[in-house]
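# how would this look folded up:
(2 chains)
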Protein chains: 2
Amino acid sequence: MHGNGSLSFVLVGMFVPAIKGQGTDEQHQKWLPLAYKMEIIGCYAQTELGHGSNVQGLETTATFDPQTDEFVIHSPTLTSSKWWPGGLGKASTHAVVYARLITDGQDHGVNGFIVQLRSLEDHSPHPGITIGDIGMKFGNGAYNTMDNGVLRFEHVRIPRNQMLMRVSQVTREGKYVQSNVPRQLLYGTMVYVRQTIVADASCALSRAVCIATRYSAVRRQFGSKNGGPETQVIDYKTQQNRLFPLLASAYAFRFVGEWLKWLYTDVTQRLQANDFSTLPEAHACTAGLKSLTTTATADGIEECRKLCGGHGYLCSSGLPELFAVYVPACTYEGDNIVLLLQVARFLMKTVSQLGYGNMPVGTTTYMGRAEQLMQCHCGVQKAEDWLNPSAILEAFEARAIRMSVACAQNLSKFTNQEEGFAELAADLVEAAVAHCQLIVVSKFIEKLQQDIPGKGVKPILEILCHIYALHLVHKHLGDFVSTGCITAKQASLANEQLRSLYSQVRPNAIALVDAYNYTDHYLGSVLGRYDGNVYPKLYEEAWKDPLNDSVVPDGYHEYIRPLLKQQLRNARL
Amino acid sequence: MHGNGSLSFVLVGMFVPAIKGQGTDEQHQKWLPLAYKMEIIGCYAQTELGHGSNVQGLETTATFDPQTDEFVIHSPTLTSSKWWPGGLGKASTHAVVYARLITDGQDHGVNGFIVQLRSLEDHSPHPGITIGDIGMKFGNGAYNTMDNGVLRFEHVRIPRNQMLMRVSQVTREGKYVQSNVPRQLLYGTMVYVRQTIVADASCALSRAVCIATRYSAVRRQFGSKNGGPETQVIDYKTQQNRLFPLLASAYAFRFVGEWLKWLYTDVTQRLQANDFSTLPEAHACTAGLKSLTTTATADGIEECRKLCGGHGYLCSSGLPELFAVYVPACTYEGDNIVLLLQVARFLMKTVSQLGYGNMPVGTTTYMGRAEQLMQCHCGVQKAEDWLNPSAILEAFEARAIRMSVACAQNLSKFTNQEEGFAELAADLVEAAVAHCQLIVVSKFIEKLQQDIPGKGVKPILEILCHIYALHLVHKHLGDFVSTGCITAKQASLANEQLRSLYSQVRPNAIALVDAYNYTDHYLGSVLGRYDGNVYPKLYEEAWKDPLNDSVVPDGYHEYIRPLLKQQLRNARL
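Numbers count the residues shown, from 1 in each chain, chains lettered A, B, ... in the order given. Presented below is the predicted three-dimensional model:
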């Protein structure tokens, strides 16, 4: 099962998007059909042992040799070894290698090059190429079916036309030329990739939530009255308080993911028309949402595992591997903290331009109403007032802008802005989170302003929307109260409303996870079975373990018996 | 390495403590020497497929047969199968089995029985006993070296004298008698076991922190000026803001663990003198600290893994397995949420008795000053004021009592107290957390009021103590501000002080983790090496992976080549 998945990932990987985004038309015509037809297997070789986030710090070199019209690809240091590319270690025949372009002794920064790594006849590495797998990773199976690789070059020569030359070129004479293709186009690819990650987050979280919700309805513990059955653990408020916000998050991420798909289309169309006006906002938005949703999903999967008690620790629950496979999403395609700092930088820029006639666009439109939002008072007086989408939206907008403005004011006290940014980084990250949470909440609310087919579907989604928003109010209460967006009394009313919402969602909880329509095979979880037949299947599953092939275990005579019979000198312990 | 560890765990397990705690003198003399000398291997068989937290709901039966003077041990349902006991699946020859005692048709609840499971001659299971391993668990290695087992009984007979009869007995005639040994004694064992778990938490967290701190000093990314080296990631405030509170927590848990050891001795001495007055408080305190420290440690290990970026995902970082091995601590010996509810119940009882002349004792002494703490105002006016231990202590005490009192007031609105407790469970858990955090903070402060040998040691520990307290103020800002314990301005000053503390701890960070004195062998982490020689060793480690034994991978001819050569019909994909 994993084998197919990872091989198709190797095929698609980032090799094809890289050539698509940065290659010439000639390269598109030559390489993409080969990759699509699997006549070559390509991987995307960017990250090195010493550099991940700081792409501009990569050390691999591609030095142009005008005598032979070739680039010489070389790994000058140990830390320049390519490290992590998926599918590189054992499968790939080709790679898009990112390396510092050097012409005539001058360093032009990082560019992409297509390099053949292995023979298409016998799969042996080409001369000068050292290639291998980087070893075991987190989890039991999981990402270990992916041959993340290490790669070193010893003066490997490739023809000049294997440099990806859409944005910058090297001429036959070795002259470095920048094309008139706008560099912003590269951001389009990033928006695309991160948008798919948000959709994946919703998918992974909903799998975990589906398992934990179903099992919470099957599992009973305590509370038996007069010999009757015990209480289903899903009926405990402590369980609901941990589970239902995750259920709501899975739906919230799905809707914001759908919206991001639209955003990508919009950005692409604008780029084609040379309109770059919305690109910085779209880039910040996707970077922030990638960070927000992957962090919440990784934490959420592990929380779902804990919600299944001891049995969640068994591989047959499906949750340990789901977690181990998912967590890299917090690191790859931009470390989540680094991404939030990028968002914060964009927010600080937006704040600094307020009042200069630049109206913020897209997801930052609310910042244009800064003056009003700095002053507003939440009007909630009773618990039900929190069901008003405007009240929710205003509280999230006010919190976000007030945190951004507070950061901007603190930054302005520093004479050196970069030093200030470094010193206040932790606060800036929190301001970015507040902004991103507002986006998710507002897109959920927007979704519910549209028609939604199916009788009774919209009201239950509204409940989830309120749970999503109000659990965030509670979780980040310090933000909301200390910025004066809401009072302690209003916070307590939000909590009260949240408890009532949990009771309302409870009767529909199973339907809401059944709605994902995951097959038992796909879920891969004994605890999350559609038919709820958990205990007999758990029992059955245990006996399939190879340890149970024999009643007296292998090693009894060698280890256990000598121990029991006090023949310790002979025992190998 | 793991093998030895788990086998000694099997030996000690809970088998010996169970007999020690609940067995008769005769049983102590007969069974403990055998277990200590490893002439038998014993495990503690309590948890069943259907019951973990609710011990009183266990279904295995032990029915007395007066005709033969035996108990008949039986598994009447599928869910009564013993499930999870460590060392049960393959190694154990004996078990302390918890089962419902039935005499003359009457159910006397759960008691312990010593049952031989396997022959001491050939290790084959005794007649009527079905025994096996429950299958793969989280992680790659890790707990999979432990044979957590499943066990079923089909009317298995044992002599009457194999019931643990310290607290209750069955006579030859089949009469059930309660001894005059106080049942509270059983709590002594629980206090002991949970105290060791707190000490283990400090140990596990400090391992992870040691790895992440050392690697954060080795790893450099961004910020190169004029071609100089890049910035060590430990110098980024975002890294410090995540790492240093964990470093402080590891020390905090160590000190509170040491204090718990004293508490256990104190409780034991009092029990021997038939003084049970401090037992409920000691029990709540250890339950709460077990929950608090294991949750923080599990989350902290995973945070340390993320702090190591992509390389933290490699098994050679040591962190994935540390996490997978550690997380069960959040579930075993009392699910962490269930334990916090027990603490909350104790707090509500204490609050309800305030003003009736019952002065709260031990860690609840502050509750005796409820009136004052409900009124007090934090006196912090500038950032340095937060360095005053009294200011910190008062803020934590005020927060804890105000949350408890608020819960008690909300509870009093319910006519049915149990319904109220269930409805407000999430708030009660938070009040319990506030109480437990106060304990850790206050024990850290108390530690620093003593002499501490070593020049400059105390000042740096004071910094850690402040970091521990102030990061909690920030993390739980909603609690502190919404209960009026501190103002938004004071919260902002706490943050400011925290940043300054991070800068102060930075030069000593490596010394503070070196102080644990862990060997490289024990740490088992390439990233956490004492000599900092990370990259060459990471590279070296990769090549040891068996996948690298051949340059062209196994399966090339079977899978990859047919794919590349378009012989897909023959490929087995």
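
# mind listing what A:V380 touches?
A:W386, A:A391, A:I486, A:Q490, A:L493, A:A494 (Cβ atoms under 8 Å, 6 or more residues apart in numbering or on different chains). For every residue, glycine as well, the C-beta is placed using N, CA and C.

# and what of A:H311?
A:Y215, A:S317, A:L527, A:L538.

# Sticking with the nearest residue to A:L347 once chain neighbours are set aside, tell me its helix or strand.
Sequence neighbours aside, A:S404 is the residue nearest to A:L347 in space, at 4.8 Å (criterion: Cβ to Cβ, 6 or more residues apart in numbering or on different chains). For A:S404, the host element (DSSP states H and E) is helix A:389-411.

# so what does that helix touch, helix or strand wise?
Applying 3 or more Cβ pairs under 8 Å, 6 or more residues apart in numbering or on different chains; DSSP states H and E, one finds that helix A:389-411 contacts helix A:336-353, helix A:370-375, helix A:417-423, helix A:425-448, helix A:457-475, helix A:477-482.

# Would you mind putting those helices into a markdown table with mean pLDDT and mean neighbour count alongside?
Shown next, in a markdown table, are those (pLDDT from 0 to 100; neighbours: other Cβ atoms under 10 Å in any protein chain shown):
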| stretch | mean pLDDT | mean neighbour count |
| --- | --- | --- |
| helix A:336-353 | 97 | 21 |
| helix A:370-375 | 96 | 14 |
| helix A:417-423 | 96 | 15 |
| helix A:425-448 | 98 | 23 |
| helix A:457-475 | 98 | 21 |
| helix A:477-482 | 98 | 24 |
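
# right, so of these, which gets closest to A:P546?
Minimum separation from A:P546 across these (Cβ to Cβ) falls at helix A:336-353, 38.2 Å.

# Counting by contacts, list what that closest one packs against.
So helix A:336-353, by 3+ Cβ pairs under 8 Å, 6+ apart, packs with helix A:279-307, helix A:389-411, helix A:425-448, helix B:237-272.

# any idea how far that helix is from the chain center?
19 Å (Cα atoms, centre = their mean, to the nearest Å).

# go on, stretch A:278-295?
On Cα atoms, centre = their mean, the centre of stretch A:278-295 falls 11 Å from that of its chain.

# buried ones in it?
Of the residues in stretch A:278-295, A:278-295 count as buried by neighbour count, 16 or more other Cβ atoms under 10 Å in any protein chain shown.

# Could you check it against chain B for contacts?
No - Stretch A:278-295 stays clear of chain B (Cβ under 8 Å from any Cβ of the partner chain), getting no nearer than 9.1 Å.

# same check, this time on stretch A:148-167
Yes - using Cβ under 8 Å from any Cβ, stretch A:148-167 reaches chain B at A:V150.

# for the record, mean pLDDT for that stretch?
Stretch A:148-167 shows a mean pLDDT of 97.

# how about that stretch: buried residues?
For stretch A:148-167, by 16+ other Cβ under 10 Å, it's A:148-153, A:156, A:158, A:160, A:162-167.

# The helix or strand of chain A with the lowest mean pLDDT: what's the following helix or strand?
Lowest by mean pLDDT, DSSP states H and E among the helices and strands of chain A is helix A:2-12, with a mean of 49. Counting by DSSP H and E, the next helix or strand C-terminal to helix A:2-12 is helix A:15-22.

# got the contact list for that next one?
Residues from elsewhere that reach helix A:15-22, judged by Cβ under 8 Å, 6+ apart: A:27-28, A:31-32, A:35-36, A:42-44, A:94-96, A:112, A:114, A:164, A:166-167, A:185-186, A:188-189, A:192-193.

# For the buried ones among those, write the corresponding PyMOL selection.
Only the buried entries of these go into this PyMOL selection, using 16+ other Cβ under 10 Å:
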select buried, chain A and resi 27+31+32+35+42+43+44+94+95+96+112+114+164+166+167+185+188+192+193
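
# Return the residues of the stretch 301-450 of chain A in contact with chain B.
So far as Cβ under 8 Å from any Cβ goes, the stretch 301-450 of chain A lies against chain B at A:302, A:305-306, A:309-310, A:312-316, A:320, A:324, A:327-328, A:330-332, A:335, A:337, A:341, A:422-427, A:429.

# For A:S179, see how far away the residue lying closest to A:G174 once chain neighbours are set aside is.
Distances taken as Cβ to Cβ, 6+ apart place A:P66 nearest to A:G174, at 4.2 Å, with adjacent residues excluded. Here the distance between A:P66 and A:S179 works out to 20 Å (Cβ to Cβ, to the nearest Å).

# Closest one of the buried residues of stretch A:148-167 to B:R345?
Out of the buried residues of stretch A:148-167, the member with the shortest distance to B:R345 (by Cβ to Cβ) is A:N148, at 49.2 Å.

# The closest one touches A:W84, doesn't it?
Yes - judged on Cβ atoms under 8 Å, A:N148 makes contact with A:W84 at a distance of 5.2 Å.

# Now for those two: what residues contact both?
Joint contacts of A:N148 and A:W84 (Cβ under 8 Å, 6+ apart) are A:I134.

# returning to that earlier point: with the buried residues of stretch A:148-167 in mind, which one is nearest to chain B?
A:V150 (5.5 Å; Cβ to the nearest Cβ).

# model confidence over stretch A:22-42, on average?
92.

# Any idea how far apart the tips of it sit?
15 Å (Cα to Cα, to the nearest Å).

# got it, and stretch A:42-53?
End-to-end distance (Cα to Cα), stretch A:42-53: 22 Å.

# How much space separates A:E384 from B:L78?
46 Å.

# Of those two, which one has the most company?
Between A:E384 and B:L78, counting by other Cβ atoms under 10 Å in any protein chain shown, B:L78 is the more crowded of the two (15 against 12).

# per-residue confidence at the spatially closest residue to that one that is not a sequence neighbour?
Residue nearest to B:L78 in three dimensions, not counting chain neighbours: A:Y535, with 5.6 Å by Cβ to Cβ, 6+ apart. In the prediction, the pLDDT value recorded for A:Y535 is 98.
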